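S.K.: any chance you could fold what I've pasted below:
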Amino acid sequence: MASVVQHGRRRGASKSASSAEEASRMVQPPDLRQVTVLSKAEWLRIQDELNQVNKDKESMREAMKQREALHLQSKEVVKQWSNTIVGQRQKKLEAKKIREQTEEEKRKLTDIEEAKYQEQKRKEAIEKAKKQLYYQTDRVKGLHRALLLTEVLKEREAQIELKQRIKSASKDVDKDFLEMVKTKEDEALRQEQERALQTKLKRQAVAEDLKNQIKDNELAKERQKLEIRKDGEEIQQLQELYQWERRMEEEQKAKQKRNVMQAHLEHLTNRDIIRATDAQKQEAEEERRNIFLSAKQKMMKLRKEKEKELLSEAQMRREQITAKLTVTQQQRVDSEEQRTAKAVAERDIKQAQKQRDEEEKRAAMLESIAAYRERMRQEKEQRDKIRQQDTRDALQAKREADRIFSEKQQLKAQRIREEERKLQDFNATQMAEKSARHHQLKRDEHAFEMKNAEVIAEEENQFQQYSRHIINAAAEAQRNVFPLCNAAREGIGGGLGPNFCGVRPSYLVQDTTGAQMPKYVSSTTQNIKKLHEVVDIEEAKRRLGFTW
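M.R.: So this is what the prediction gives:
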């Protein structure tokens, strides 16, 4: 047989035919001389079918990936173009953003310049207001009045000099002119007196204000003392209220203990009564049982006696019948004897049956009695168990109640201890807060005094600089600087007294004039002042006789 070279299934050939041929080949023994040659495409198709590879889907997926990559690449390329609608819109947006940023920077600069300008205007207004307020102070007003007085004195000197010149030049001046000059002088003198009177009145008002301030401070201290005393009384009342509540609670505890003890005694009494009642019930039940047993025994005894009587009567009856039968035996025939014997046998059988029935009844009665006794015994045991269980339950309930009561008492005692501790903590906190407030108040007062002293020193320095400037200017203008030097003395208040803690008080005479006392300062007075001066103001008040 020649060798045959078979190629794979041709395109268009039916699968059934090829499958039939393959089946026939599988049935037939293989021929080694027949060789099948497959093409590469066919071999790849078979491999793909074996590996379950779908080339169409793979090609579609690859094509989709390529399209997506091209789409992304085109997007990246188009993104950089400037002649597209999107590119032009992007450029416009970027230009708008840059323009807005530039405008924002310009607005910021304008706002900064405006803020600086407004700040400068505010500073100038504040400086002007400060200067005006400074010019409105009493010391500056006094300095300005002294400056005006120097001008008036200068003017008066000029007028006197002019008057002297006029007088020396022409002594025959008209009297009207002299009277007019005198009138002006009188008017100037009167105005000067009025200004002096107004100055005195202002000083008196300032003195009254200082006195009122001192009284207000003393009243504030008295109110603080009253508040401290009131706080102490409130704490004392709270302590007394706490002691009273504690005593009431202890009395309530004692009363509760007495009630619990009384309830316990009543419980014990009731338990004894219940036990006595149960014992009486048990004795009555035992007595009834004994009565029932004695009645049963009597019945059994009577029944036995009755049975003996019945047996004896039956025996007597049998003997009588036997005697009668022996008497009549000879008179009757054999059939009658047989009938009689049969009747006697039946009667004996009935009698024996009756006796057996009675014995069975008696046995059943005894069994019922035994069963009743057993049932009564079981019921008694059950009642005893129930009573014991009730007793145990009551004891357990009592123990549980005692435990709950003791836990409640412990919780109550713990709560009381917590409340006492909280009250102590609250009192300690209140005392600490009060002490802290007192110390803080002292620190604030000290800080206020220090700050006030600093402010006074700064104002004094500023005033001295300003007064020196005015005095120098007045000296250069050849004015009388004595009023300016008097007004420029150290210490606020404007009085003639000594400088005391930055204040120069005014000492007025005790008469209708109210004039200020002059200042007499010498080494002797300073020595006496140092000798009698005290540091403690309270000691000074007591020494001077003040009671508040």
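S.K.: enumerate every residue touching R415.
M.R.: If you count contacts by C-beta atoms under 8 Å, 6 or more residues apart in numbering, R415 has none. C-beta coordinates here come from the backbone N, C-alpha and C atoms, glycine included.
S.K.: check which helix or strand it maps to.
M.R.: Taking DSSP states H and E as the criterion, the element that holds R415 is helix 334-476.
S.K.: now that helix: average pLDDT?
M.R.: Averaged over helix 334-476, pLDDT sits at 84.
S.K.: so what does the helix or strand that it is followed by touch, helix or strand wise?
M.R.: Using DSSP H and E, the helix or strand that follows helix 334-476 towards the C-terminus is helix 482-487. Contact partners of helix 482-487 among helices and strands, from 3 or more C-beta pairs under 8 Å, 6 or more residues apart in numbering; DSSP states H and E: helix 138-169, helix 334-476.
S.K.: quick one, the longest one and helix 138-169 angle?
M.R.: I take that to be helix 334-476. Using axes from the mean of the first three to the mean of the last three C-alpha atoms, to 10 degrees, the inter-axis angle of helix 334-476 relative to helix 138-169 is 20 degrees.
S.K.: now helix 334-476, how far from the chain's geometric center?
M.R.: Its chain's C-alpha centre lies 29 Å from the corresponding centre of helix 334-476 when counted by C-alpha atoms, centre = their mean, to the nearest Å.
S.K.: and the longest helix along the chain with helix 138-169, angle?
M.R.: Criterion DSSP state H: the longest helix present in the chain is helix 175-329. An angle of 170 degrees separates the directions of helix 175-329 and helix 138-169 when computed by the same axes, to 10 degrees.
S.K.: distance of the nearest residue to E249 once chain neighbours are set aside from E245?
M.R.: Leaving aside its sequence neighbours, E249 sits nearest to I416 (C-beta to C-beta, 6 or more residues apart in numbering; 7.2 Å). With distances taken as C-beta to C-beta, to the nearest Å, I416 is found 10 Å from E245.
S.K.: do E185 as well
M.R.: With distances defined as C-beta to C-beta, the gap from E185 to E245 amounts to 89 Å.
S.K.: element containing T36?
M.R.: T36 belongs to strand 35-37 when elements are defined using DSSP H and E.
S.K.: on that earlier part again, name the helices or strands packed onto the longest helix of the chain?
M.R.: By 3+ C-beta pairs under 8 Å, 6+ apart, helix 175-329 packs against helix 138-169, helix 334-476.
S.K.: how about TSV for the ones you listed, with distance to L72 added?
M.R.: As requested, the helices and strands packed on helix 175-329 are arranged in TSV below (distance: least, C-beta to C-beta, whole Å):
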stretch	distance to L72
helix 138-169	84
helix 334-476	73
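S.K.: for R229, which of the ones you listed is the nearest?
M.R.: helix 334-476 (12.9 Å; C-beta to C-beta).
S.K.: okay, now the unreliable bits of the chain?
M.R.: Of all residues in the chain, those with pLDDT under 70 make up the ranges 1-35, 51-56, 79-82, 169-175, 329-337, 340, 490-523, 525-526, 529-537, 539-548.
S.K.: which parts of it belong to which domain?
M.R.: The chain breaks down into these domains under automatic domain parsing: 5-81, 332-477.
S.K.: how close does the spatially most central residue of the chain get to A432?
M.R.: The centre of the chain sits closest to K422, judged by C-alpha atoms, centre = their mean, with a distance of 17.2 Å. Relative to A432, K422 is positioned 15 Å away (C-beta to C-beta).
S.K.: ok, L219 next?
M.R.: According to C-beta to C-beta, L219 and A432 sit 28 Å apart.
S.K.: N452 now?
M.R.: When distance is defined by C-beta to C-beta, N452 is 29 Å away from A432.
S.K.: how about A397?
M.R.: Shown here: A397 relative to A432, a distance of 51 Å by C-beta to C-beta.
S.K.: and R303, by the same measure?
M.R.: For R303, the distance to A432 equals 104 Å [C-beta to C-beta].
S.K.: and these two? Which one has more around it.
M.R.: When R303 and A432 are compared for neighbours, R303 comes out ahead with 14 against 10, by other C-beta atoms under 10 Å.
S.K.: what residue, apart from its backbone neighbours, is nearest the more buried one spatially?
M.R.: Counting by C-beta to C-beta, 6+ apart, the residue nearest R303 is R362, at 7.2 Å.
S.K.: how close does the one you found get to M300?
M.R.: Using C-beta to C-beta, R362 is found at 8 Å from M300.
S.K.: just K167 next, same as before
M.R.: 180 Å.
S.K.: which one of those two is surrounded by more residues?
M.R.: For K167 and M300, the more surrounded residue by other C-beta under 10 Å is M300, and the numbers stand at 14 against 11.
S.K.: now stretch 88-105: how far from the chain's centre is it?
M.R.: Averaging C-alpha coordinates over stretch 88-105 and over its chain gives two centres that are 54 Å apart (C-alpha atoms, centre = their mean).
S.K.: helices and strands around the helix or strand that E127 is a member of, which ones?
M.R.: If you go by DSSP H and E, E127 is part of helix 85-135. Using 3+ C-beta pairs under 8 Å, 6+ apart as the contact definition, the elements that helix 85-135 packs against are helix 55-79, helix 138-169.
S.K.: most packed of those helices?
M.R.: Using mean count of other C-beta atoms under 10 Å, the stretch among the helices and strands packed on helix 85-135 with the greatest mean number of neighbours is helix 138-169 (a mean of 15).
S.K.: check which helices and strands it sits against.
M.R.: Other elements packing on helix 138-169 under the criterion 3+ C-beta pairs under 8 Å, 6+ apart are helix 85-135, helix 175-329, helix 334-476, helix 482-487.
S.K.: so which of those is the most packed in?
M.R.: Per-stretch averages of neighbours, counted by mean count of other C-beta under 10 Å, single out helix 482-487 among these, with a mean of 18.
S.K.: and for that helix, what's in contact with it?
M.R.: Helix 482-487 is touched from outside by 139, 142-143, 145-147, 149-150, 153, 467, 470-471, 474, 494, with contacts defined as C-beta under 8 Å, 6+ apart.
S.K.: try 7 Å this time
M.R.: Applying C-beta atoms under 7 Å, 6 or more residues apart in numbering, the external contacts of helix 482-487 come out as 142-143, 146-147, 149-150, 467, 470-471, 474.
S.K.: with those residues in mind, which one is nearest to M316?
M.R.: Compare each of the contacts of helix 482-487 with M316 using C-beta to C-beta and the shortest gap goes to G142, at 169.8 Å.
S.K.: ok but R489 is inside a strand, no?
M.R.: No: in this structure, R489 is coil, not part of a strand, as judged by DSSP: H, G, I helix; E, B strand; the rest coil.
S.K.: make 50 the first number, not 1, from now on.
M.R.: Noted, 50 is the first residue going forward, which turns the last one into R538.
S.K.: how many neighbouring residues does it have?
M.R.: Residues within reach of R538, counting by other C-beta under 10 Å, total 15.
S.K.: and it, how far from L192?
M.R.: Using C-beta to C-beta, R538 is found at 10 Å from L192.
S.K.: what do you get for L238?
M.R.: Computed with C-beta to C-beta, the distance linking L238 and L192 is 23 Å.
S.K.: how far is stretch 154-161 from where the chain is centred?
M.R.: The chain centre lies 49 Å from the centre of stretch 154-161; the measure is C-alpha atoms, centre = their mean.
S.K.: got the CA coordinates for it in PDB?
M.R.: Taking C-alpha atoms only, stretch 154-161 is exported to PDB below (Å, rounded to 0.1, in the frame of the first residue of the first chain):
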ATOM      1  CA  GLU A 154      -1.900  94.200  43.500                       C
ATOM      2  CA  LYS A 155      -2.700  97.900  42.600                       C
ATOM      3  CA  ARG A 156      -5.700  97.800  44.900                       C
ATOM      4  CA  LYS A 157      -3.600  96.400  47.700                       C
ATOM      5  CA  LEU A 158      -1.000  99.100  47.200                       C
ATOM      6  CA  THR A 159      -3.700 101.700  47.100                       C
ATOM      7  CA  ASP A 160      -5.300 100.200  50.300                       C
ATOM      8  CA  ILE A 161      -1.900 100.200  52.000                       C
END
